[in-house]
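[1] Predicted coordinates and the sequence they were generated for:
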Amino acid sequence: MTDLRLAHTSALSPAELAALRALLDDAFDGEFTDEDWDHTIGGLHALVLDGTELIAHGSLVQRRLLHGGHPLRTGYVEGVAVRADRRRAGHGSAVMAALEGALRRGGYQLGALGAADEAVPLYEGRGWRLWRGPSGVLAPTGIERTPDEDGFLYVFPLHGTPLDLDGELVCDWRPGDVW
């Protein structure tokens, strides 16, 4: 029997944070960096638990994205992972449903995420839309293109926010992977 818990980072104990980091390290084959960790915390977490054991996670952190000259309050999805031996059992969908519910409740104009190839069917099946236009980052020196991210960014339009999926989408600056 699994349970889904929603909690802000501040409500997670040190032991829960350690279990979360271990899950992400394992799920990303040791390529989950300290900067990735920093991007994952500080927001709302959807945690799937089997008893006290963490088996799936995703977080929603606030970011600002620019589109068509307008800043958009964006709920950015980070750290989506399911323990390897528990995949293909609906846990990733449960995490995303919880995060999408938080997106819909207000406060955000857009949902966004960077998708790994193996996760694309999950996101597309849930109504996330591929961003077809160019991507960039508002770097300290101005807007810089991020062409390596093109084709990997997905958005979840909210509340009638007008979007041109072929237009430019620019994220706020942060250390490490900007998207």
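    Perfect, I can see it now.
[2] what's the helix or strand for the most centrally placed residue in the chain?
    By C-alpha atoms, centre = their mean, the chain has its centre lying nearest to Val77, at 1.4 Å. Secondary structure from DSSP states H and E places Val77 in strand 70-82.
[3] Just the buried positions in the next helix or strand after that strand, please.
    Using DSSP H and E, the helix or strand that directly follows strand 70-82 along the chain is helix 91-104. Within helix 91-104, the residues that qualify as buried are 91-92, 94-96, 98-100, 102-103, counting by 16 or more other C-beta atoms under 10 Å. In short, each C-beta sits where N, CA and C put it, glycine included.
[4] same check, this time on stretch 67-74
    67, 72, 74.
[5] which residues touch the second one?
    Leu72 sits next to 64-66, 109-110, 161 when contact means C-beta atoms under 8 Å, 6 or more residues apart in numbering.
[6] May I see those arranged in TSV, with pLDDT and neighbour count as well?
    Shown next, in TSV, are the contacts of Leu72 (pLDDT from 0 to 100; neighbours: other C-beta atoms under 10 Å):
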residue	pLDDT	neighbour count
Arg64	97	14
Leu65	98	23
Leu66	97	18
Gln109	95	22
Leu110	96	21
Thr161	88	16
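[7] Closest one to Tyr154 out of those, please.
    Leu110 (10.8 Å; C-beta to C-beta).
[8] what's the spacing between the closest one and Arg174?
    17 Å (C-beta to C-beta, to the nearest Å).
[9] just Pro140 next, same as before
    Pro140 is 11 Å from Arg174, where distance means C-beta to C-beta.
[10] coming back round to it: adding distance to Ala15, write the contacts of Leu72 out as CSV.
    Below are the contacts of Leu72 laid out as CSV (distance: C-beta to C-beta, whole Å):
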residue, distance to Ala15
Arg64, 33
Leu65, 34
Leu66, 39
Gln109, 35
Leu110, 34
Thr161, 39
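[11] Now go through those and say which are in strands.
    Using DSSP state E, 64-66, 110 are the members of these that sit in strands.
[12] And the closest residue to Val82 other than its chain neighbours, which helix or strand is it part of?
    Distances taken as C-beta to C-beta, 6 or more residues apart in numbering put Ala56 closest to Val82, at 4.4 Å, once the chain neighbours are dropped. Secondary structure from DSSP H and E places Ala56 in strand 53-67.
[13] What strands line up against that strand, and which way round?
    When pairs are called by DSSP bridges, strand 53-67 turns out to pair with strand 44-50 (antiparallel), strand 70-82 (antiparallel), strand 169-172 (antiparallel).
[14] any chance of these in a markdown table, with distance to Leu17 and mean pLDDT too?
    Below are these laid out as a markdown table (distance: least, C-beta to C-beta, whole Å; pLDDT from 0 to 100):
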| stretch | distance to Leu17 | mean pLDDT |
| --- | --- | --- |
| strand 44-50 | 10 | 98 |
| strand 70-82 | 12 | 97 |
| strand 169-172 | 24 | 98 |
